[in-house]
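Undergrad: Give the three-dimensional model of this entry:
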Amino acid sequence: MEHQLKVRPGTAVDARRTPRTAALRFGVSTHGGFTAAREWQAVADAVGRRAEMVLAFEDFFAPPPVAAMAVAAYCGADPVVSWEPWCWTDDRSPAVMQSLQSGALDEYVHRWADEIGEWGRHTFIRFAHEFNGDWYPWTPACGTSPSAYTAAWRHVHDIFTARGVANVEWVWAPTVGGLGSLAQWYPGDDYVDVLGIDGYNWGTRLTSTRWIEPDELFGAALSELRTVGTGKPILVTEVGCAESGGSKADWVHRFVEYLDAQPDVMGFVWFEHAKETDWRIISSPESARAMADVLGLL
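TA: Numbers count the residues shown, from 1 in each chain. Predicted coordinates for the structure are as follows:
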C-alpha cells in the first residue's frame, strides 16, 4: 500500500532519484543463527512483521549450513551468510586469506559452492565483511592488504561461478567510518551483486562515542558506495542502537524513515543481540513499538 513518507528535519533525501518501487525489506540477526525460529518470532510478535532476511555468522571451515539455512527459508526468510575467512580459535591470523589466494583451501570453497548450489534456494553470501575496520584478520591492521583481499574475493567467487552456482548473491559490506577509500577494496562490478554497509549508534555507551543520528551515521558511506558500485542495490547488513545518550525509540523511527527515502536501499538487517550493549529492537517496549509503528507505514 502506498503511503506519503514524512521526512523529518535533517533527513537527507535526493529528490532527483527514482522513487522507491519495492518495499524496504526487514531482516534480523539473532543469537541462535539460522535455526532460531523462536527468536525471530519474538521479534515478529513485538514489531508486527516477520523477518524477510536472517543473517548468521559462519567460520570459514564450518560445513555449509544448508540444513540450518533451510529453516530460515521455510520460515519465509532469505539466509544472509556472513562467511568469515578465519578460524575462530586463531582470530588474528591472516593465514586463511593468504591460503585462499594460493588455492590451498579450494576444497572448502568447492564444498560450499556445490552444496549451496545443489540446495538451490536464494542465498546471500556476505564474504569477509568490515574489511575496512581494524578488528578482523582480513584487514590491513592484521596483515591483509586491499589487493590481497580483492584477490581472495575474486578467487572464491570464480569457484562458485565455475561450479555453476546461480542461486547466490554476493554482498560486499564495509563498515561506516572505516579506513581509507572503499574503491581500493572493491572486487569489481562482476564480482558484487549487493553493496552492504554496517553501522551502529553507540550513543554514550563508551567514553569515546556520542549519540549520532541515522543520516550522519550512514550518509557519507552511502554516498561513497554509490560511486564505487554504480547502480548496485544497497543493503544495511548490520545496524543497532544503544539506549544511552538519547531516545532509542525516536532513533529507530528516524532510521527506517531515512532508509525508506533512499530508493536504492533494499532493506536492513537489525542486529538483535545484547552484546557490547543491548542493541536489540526489543530492548525496551518503546523501541519495539517505534519499530512496529514505522514498519507499519511501509
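Undergrad: Next up, the contacts around the residue nearest to Y191 when sequence neighbours are not counted.
TA: Closest residue to Y191 apart from its sequence neighbours, by C-beta to C-beta, 6 or more residues apart in numbering: H157 at 4.9 Å. The way it works is simple: take the backbone N, C-alpha and C, and place the C-beta from them, glycine included. Residues near H157 by C-beta atoms under 8 Å, 6 or more residues apart in numbering: 170, 187, 191.
Undergrad: what residues are up against the closest residue to the second one other than its chain neighbours?
TA: What sits nearest to P187 in space, not counting adjacent residues and going by C-beta to C-beta, 6+ apart, is W153, at 4.4 Å. With contact set as C-beta under 8 Å, 6+ apart, W153 has these partners: 127-128, 172, 187, 191.
Undergrad: Figure out the helix or strand that W153 lives in.
TA: Under the criterion of DSSP states H and E, W153 resides in helix 146-162.
Undergrad: ranges for the strands of the stretch 1-150 of the chain?
TA: For the stretch 1-150 of the chain, the strands defined by DSSP state E, counting those that start in this stretch cover 25-30, 53-59, 78-84, 123-127.
Undergrad: which parts of the helix or strand where H253 lies are buried?
TA: Per DSSP H and E, H253 falls inside helix 248-260. Going by neighbour count (16 or more other C-beta atoms under 10 Å), the buried part of helix 248-260 is 248-249, 251-260.
Undergrad: can the strands of the stretch 1-150 of the chain go into TSV with extra columns for distance to A36, mean neighbour count and mean pLDDT?
TA: Output for the strands of the stretch 1-150 of the chain, formatted as TSV (distance: least, C-beta to C-beta, whole Å; neighbours: other C-beta atoms under 10 Å; pLDDT from 0 to 100):
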stretch	distance to A36	mean neighbour count	mean pLDDT
strand 25-30	5	23	98
strand 53-59	8	21	97
strand 78-84	12	23	98
strand 123-127	17	23	98
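Undergrad: tilt between the helix holding H253 and strand 25-30?
TA: Counting by axes from the mean of the first three to the mean of the last three C-alpha atoms, to 10 degrees, helix 248-260 lies at 130 degrees to strand 25-30.
Undergrad: Can you name every helix or strand that the following helix or strand past helix 248-260 contacts?
TA: Counting by DSSP H and E, the element after helix 248-260 in chain order, helix or strand, is strand 265-272. Judged by 3 or more C-beta pairs under 8 Å, 6 or more residues apart in numbering; DSSP states H and E, strand 265-272 is in contact with strand 25-30, helix 37-47, strand 53-59, strand 234-241, helix 248-260.
Undergrad: and P137, which of the ones you listed is closest to it?
TA: Ranking the helices and strands packed on strand 265-272 by proximity to P137 (C-beta to C-beta) places strand 53-59 first, at 12.3 Å.
Undergrad: Strand partners (parallel or antiparallel) of the closest one?
TA: Strand pairing for strand 53-59, determined by DSSP bridges: strand 25-30 (parallel), strand 78-84 (parallel).
Undergrad: Quick check, central residue of the protein?
TA: The residue lying closest to the centre of the chain (C-alpha atoms, centre = their mean) is T237, at 1.6 Å.
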